[in-house]
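Trainee: need the 3D shape of this:
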Amino acid sequence: LEQFANSTIEPSFSETPEAYFHWEIEFPEVFFDEHGELIPGGGFDAIVGNPPYVRNQEVQPEVAAWCRNKYRTAFRRFDLYVVFIERGLDLLKSGGQLGFIVPNKFMKLDFGERLRQLLSERSAVREIVDFGDIQVFDGGVNYTCILSLVSSRIESIKYVRLPSQDHTPLPAEIDRAKSERFDASTLSGDPWILLSTSERTVWNQIHDGADSLDSCTKEILQGLITGADQIFIVEDKGQAPEGRRVYSHASECELMLEPELLHPLSSGPDVDRWAMKPLTNLLLFPYREEEGTMRLLSPNELQEYPLAAQYLHAHHETLAARANGPTQDDDWYRFVRPRVWDLHNSPKLGVAATVTNLEVAPDAPGGMFFHNVRVHGILPSEDGPDLWTLLALLNSRTLDWVFRRSAAELANGHFQANRQFIAPLPIKLPTTDQAEVLGTLGREIHHATVAVNTEKSEFKAWLESQLQVDLSMLRRHTHLDRYPDLGLNGIL
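Mentor: Reported below is the predicted structural model:
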């Protein structure tokens, strides 16, 4: 019997695993009666566990393929624990209960959609104890919850959200924590945004009659992926008669490049609320815009920029060896993932991918490039709110409140601000008069913020010249952004 059971799995794997585990064979008394017949609704009374926290990138391809073929919840770039939840639920007897401690991100991230659907359709969720950013386990950063399920349908869900603290909560603390109850029928495959009754009222009022951000804008785009950041991203050292002086980490020296191929580059820390901080990095972009699209410079065209050509040829071996990189002999210096690069030349808003609050800054002239997944761009549409109106709306306390309740949490009070969490933000389209007021407000605050950021940058440059030291090498150097509040003693 065991050999037959094994034979149904073995064809899925190129190498036979050391051992298989078949629940029905190992625990026949749980699933079969004394006559060898399956018990209707048979299974375990209770299952308690801590399934593996393994990200999809770390799952062996054959295992991932087998899971996708067998388990409904193995969806998109799934984390391995979701299929353990599905399997555990299926092993319960009628009325049985399951308790797992698992990462809480399945409640909001895309890969958890099928698991949310499954649990919602079965009305299987009895209780969720959400630890938020409390680190329950040593040795790694995880954001966990205790997920309690039942195999029979229930009507309401108990939700406990524990406040931030620096120790693992004791059972008594969990029991005393404030809880809310939710109608199980309100859950679906959509992200689970579990709010108190008063918060739900505010949430509904904000969303009533609103459009989503992605429906009233032209595009929400990801930044550029070069595949060789140390080569293509350089530090700006200023203009010189013979070109632009830059520092290359790949070459470990200063050198000159043609300014025509260099674009200002914004990464996550550069995005401030209302305005970009003064940018220090440039992107070497060996492309040319033609008829609204970007194409890679040919080898002959690249020679029109001898400084850049010499620099890239010095790193030919590294560029040609990139994974998912060039496939032809003459395109070894291209970026690894084609994107809508021409849109980076358009006026747009930037949102850092990891934030403590929703913070949006404009690139009003266009031409600023955004770095990888660290910054997302929002392009206004012709028939939607303009750039300055969107800037004012997205930096409002109201949308920040919505964002922080719908986005996935990260360490130290940070949130993910990728497309999944900014595209659904509710935008109530303003009247013409309202848009004029909001647009004026957004523009004025932007200019004031630029002035403040410029003053901070100039102060730090002066301080570096006086101390003869790179401030970024000093411990807690980021505190200098608050130098007006620190006073002389605080700065020292």
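
Trainee: what ranges does the stretch 1-150 of the chain have for its strands?
Mentor: Remark: strands assigned in the stretch 1-150 of the chain by DSSP state E, counting those that start in this stretch are 44-49, 92-103, 125-130, 144-150.

Trainee: now the protein, which segments are flagged as low pLDDT?
Mentor: 323-329, 338-339, 492 (pLDDT under 70).

Trainee: name the nearest residue to residue 14, sequence neighbours excluded.
Mentor: In space, not counting the residues next to it along the chain, residue 14 is nearest to residue 62; the distance is 6.6 Å by C-beta to C-beta, 6 or more residues apart in numbering. Just so you know, the C-beta spots here come from the backbone N, C-alpha and C atoms, and that holds for glycine as well.

Trainee: ah, wrong one, I meant residue 301
Mentor: Once flanking residues are discounted, residue 301 sits nearest to residue 288: 7.0 Å by C-beta to C-beta, 6+ apart.

Trainee: so which elements touch whatever helix or strand the one you found lives in?
Mentor: Per DSSP states H and E: residue 288 is located in strand 287-290. Packing partners of strand 287-290 (3 or more C-beta pairs under 8 Å, 6 or more residues apart in numbering; DSSP states H and E): strand 293-296.

Trainee: count the neighbours of residue 369 for me.
Mentor: By other C-beta atoms under 10 Å, the residues close to residue 369 number 22.

Trainee: whoops, residue 91 was the one
Mentor: There are 19 residues near residue 91, going by other C-beta under 10 Å.

Trainee: and it, how far from residue 50?
Mentor: Separation of residue 91 from residue 50 (C-beta to C-beta, to the nearest Å): 16 Å.

Trainee: before we move on, what about residue 251?
Mentor: 48 Å.

Trainee: now do residue 383
Mentor: Counting by C-beta to C-beta, the gap from residue 383 to residue 50 is 51 Å.

Trainee: which of the two has more neighbours?
Mentor: The residue with more neighbours, out of residue 383 and residue 50, is residue 50; 14 against 8, by other C-beta under 10 Å.

Trainee: which element is residue 238 on?
Mentor: strand 233-240.

Trainee: which residues does residue 348 form a beta bridge with?
Mentor: Judged by DSSP bridges, the bridge partners of residue 348 are residue 363.

Trainee: show the contacting residues for it.
Mentor: 221, 362, 363, 366, 368, 377, 378, 379, 380, 387 (C-beta atoms under 8 Å, 6 or more residues apart in numbering).

Trainee: check residue 425 too.
Mentor: By C-beta under 8 Å, 6+ apart, the residues touching residue 425 are 212, 213, 394, 399, 402, 403.

Trainee: at 6 Å what do you get?
Mentor: Residues near residue 425 by C-beta atoms under 6 Å, 6 or more residues apart in numbering: 213, 399.

Trainee: with the one 3 residues further on instead?
Mentor: Counting by C-beta under 6 Å, 6+ apart, residue 428 makes contact with residue 210.

Trainee: buried set for the biggest helix by length in the chain?
Mentor: Scanning the chain for the helix with the most residues, using DSSP state H, yields helix 432-467. Across helix 432-467, burial judged by 16 or more other C-beta atoms under 10 Å covers 435, 438, 439, 442, 443, 445, 446, 449, 450, 453, 456, 460.

Trainee: can you tell me the closest non-neighbouring residue to the first one?
Mentor: Nearest residue to residue 435 in three dimensions, chain neighbours excluded: residue 389, at 4.8 Å (C-beta to C-beta, 6+ apart).

Trainee: can you check residue 183 too?
Mentor: Nearest one to residue 183, counting by C-beta to C-beta, 6+ apart, is residue 156 at 6.2 Å.

Trainee: what do you get for residue 12?
Mentor: residue 66 (4.7 Å).

Trainee: okay, now that neighbour: neighbour count?
Mentor: 17.

Trainee: try residue 209
Mentor: Neighbour tally, residue 209, other C-beta under 10 Å: 9.

Trainee: kindly confirm my reading that it is in a helix.
Mentor: No - counting by DSSP: H, G, I helix; E, B strand; the rest coil, residue 209 is not part of a helix but coil.

Trainee: roughly how far does the residue lying closest to it once chain neighbours are set aside sit from residue 73?
Mentor: Leaving out its chain neighbours, the residue that sits closest to residue 209 by C-beta to C-beta, 6+ apart is residue 428, at 6.3 Å. Taking C-beta to C-beta as the measure, residue 428 falls 36 Å from residue 73.

Trainee: one more: residue 480?
Mentor: From residue 480 over to residue 73 (counting by C-beta to C-beta), the distance is 48 Å.

Trainee: those two - which one has more neighbours?
Mentor: Neighbour totals were compared for residue 480 and residue 73, and residue 73 leads with 25 against 16 (other C-beta under 10 Å).

Trainee: is it true that that one touches residue 114?
Mentor: Yes - using C-beta atoms under 6 Å, residue 73 is in contact with residue 114, at 4.6 Å.

Trainee: re earlier: what's the closest of the strands of the stretch 1-150 of the chain to residue 173?
Mentor: Relative to residue 173, the nearest member of the strands of the stretch 1-150 of the chain by C-beta to C-beta is strand 125-130, separated by 10.6 Å.

Trainee: report the angle between that closest one and strand 92-103.
Mentor: 20 degrees (axes from the mean of the first three to the mean of the last three C-alpha atoms, to 10 degrees).

Trainee: strands along the stretch 351-492 of the chain, start to end?
Mentor: 354-355, 360-363, 369-370, 375-380, 415-416, 426-427.

Trainee: can you lay out those strands as TSV showing distance to residue 130?
Mentor: Compiled in TSV, those are given as follows (distance: least, C-beta to C-beta, whole Å):
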stretch	distance to residue 130
strand 354-355	20
strand 360-363	28
strand 369-370	32
strand 375-380	26
strand 415-416	15
strand 426-427	24
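
Trainee: indicate which one of those is closest to residue 292.
Mentor: strand 375-380 (13.7 Å).

Trainee: picking up where we left off before, of all the strands of the stretch 351-492 of the chain, which one is nearest residue 128?
Mentor: Comparison of the strands of the stretch 351-492 of the chain against residue 128 by C-beta to C-beta identifies strand 415-416 as nearest, at 19.0 Å.

Trainee: what packs against the closest one?
Mentor: If you count contacts as 3 or more C-beta pairs under 6 Å, 6 or more residues apart in numbering; DSSP states H and E, strand 415-416 packs onto no helix or strand.

Trainee: neighbouring contacts of it?
Mentor: Residues from elsewhere that reach strand 415-416 (C-beta under 6 Å, 6+ apart): 355, 404, 407, 408, 409.

Trainee: make it 7 Å
Mentor: Residues outside strand 415-416 that contact it (C-beta atoms under 7 Å, 6 or more residues apart in numbering) are 353, 354, 355, 404, 407, 408, 409, 410.

Trainee: gap between that strand and the chain center?
Mentor: Centroid displacement of strand 415-416 relative to its chain, using C-alpha atoms, centre = their mean, to the nearest Å, is 6 Å.

Trainee: what is the burial count for the residue lying closest to residue 165 once chain neighbours are set aside?
Mentor: The shortest distance from residue 165 to any non-neighbouring residue, by C-beta to C-beta, 6+ apart, is to residue 134 (6.1 Å). The number of residues packed around residue 134, counting by other C-beta under 10 Å, is 16.

Trainee: doesn't residue 162 make contact with residue 134?
Mentor: Yes - using C-beta atoms under 7 Å, residue 134 makes contact with residue 162 at a distance of 6.1 Å.

Trainee: intersection of neighbour lists for those two?
Mentor: Contact criterion C-beta under 7 Å, 6+ apart; residues shared by residue 134 and residue 162: residue 169.
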